[in-house]
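Student: Have a look at this prediction, sequence included:
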Amino acid sequence: MATQESTLSLKKNNDVPSNATVTVASKSPFDITLKLYDLVEQNEPVLGGGFRTFKQFRERVGAPTFMIQGNSWPQNKGPHQQIVGGYAITHGIPKAFWDEWLEQNENADYVKNKMIFAHTEAASVTSKAADQAEIRSNMERLDPSNLPRGLQESTDMRRPS
């Protein structure tokens with residue numbers, strides 16, 4: 001896979017406007033707060049004297065955080081967010097922030113399994129979300145008329161005859 005130049009380095013060369021944004025699609029049923037982290041070296045004392053150096057991720061102080069909407073909503077009410085193909089759509093996330101967040105989280109299962117993705121064009125996001133509607137997160141709501149076998153039997157037993 002070819003490495004892409006990050007938006008932060010492109011901004012230094014004035015190739016990407018500082019106000020560029022992306023539209024994010026998320027198949028998560030809950031909202032996700034995106035944060036940036038820095039890898040810092042820490043020292044800790046060891047038994048017998050001395051110190052050991054290790055690396056640890058720490059939340060970046062002063063960095064903005066952004067909330068990505070989940071695709072769930074209260075039962076018997078309509079969604080309060082735009083939903084396409086089971087993905088909740090969130091507009092207006094700064095592209096530089098998204099690129100850095102994606103770089104830090106590229107090996108996360110929800111990124112690799114296409115549960116969250118973004119694009120600069122909203123139409124591209126909604127098109128891709130519609131194309132990936134068959135992808136399941138396994139956190140979807142249960143359909144009462146099509147319950148899994150074990151749940152169906154237990155609910156039948158509770159119904160009065």
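Tutor: In hand now; what should we look at?

Student: so what's the residue nearest to the spatial centre of the chain up against?
Tutor: Geometric centre of the chain, nearest residue: Ile116, 4.6 Å, by CA atoms, centre = their mean. By CB atoms under 8 Å, 6 or more residues apart in numbering, the residues touching Ile116 are 24-28, 32, 68, 110. C-beta here means a position set from N, CA and C on the backbone, and glycine is covered the same way.

Student: can you pick the most crowded of those residues?
Tutor: Ala25 (29 neighbours; other CB atoms under 10 Å).

Student: which residues does that residue bridge with?
Tutor: Per DSSP bridges, the residues bridged to Ala25 are Ile89, Phe117.

Student: ok, now Met67?
Tutor: Thr33.

Student: tally of neighbours for it?
Tutor: By other CB under 10 Å, the burial measure for Met67, its neighbour count, is 11.

Student: all strands for this structure, in order.
Tutor: For the chain, applying DSSP state E gives strands covering 21-26, 32-34, 37-45, 51-59, 66-68, 82-84, 87-94, 116-119.

Student: Select, out of these, the one closest to Gln132.
Tutor: strand 87-94 (7.5 Å; CB to CB).

Student: Counting by contacts, list what the closest one packs against.
Tutor: strand 21-26, strand 66-68, strand 82-84, helix 122-131 (3 or more CB pairs under 8 Å, 6 or more residues apart in numbering; DSSP states H and E).
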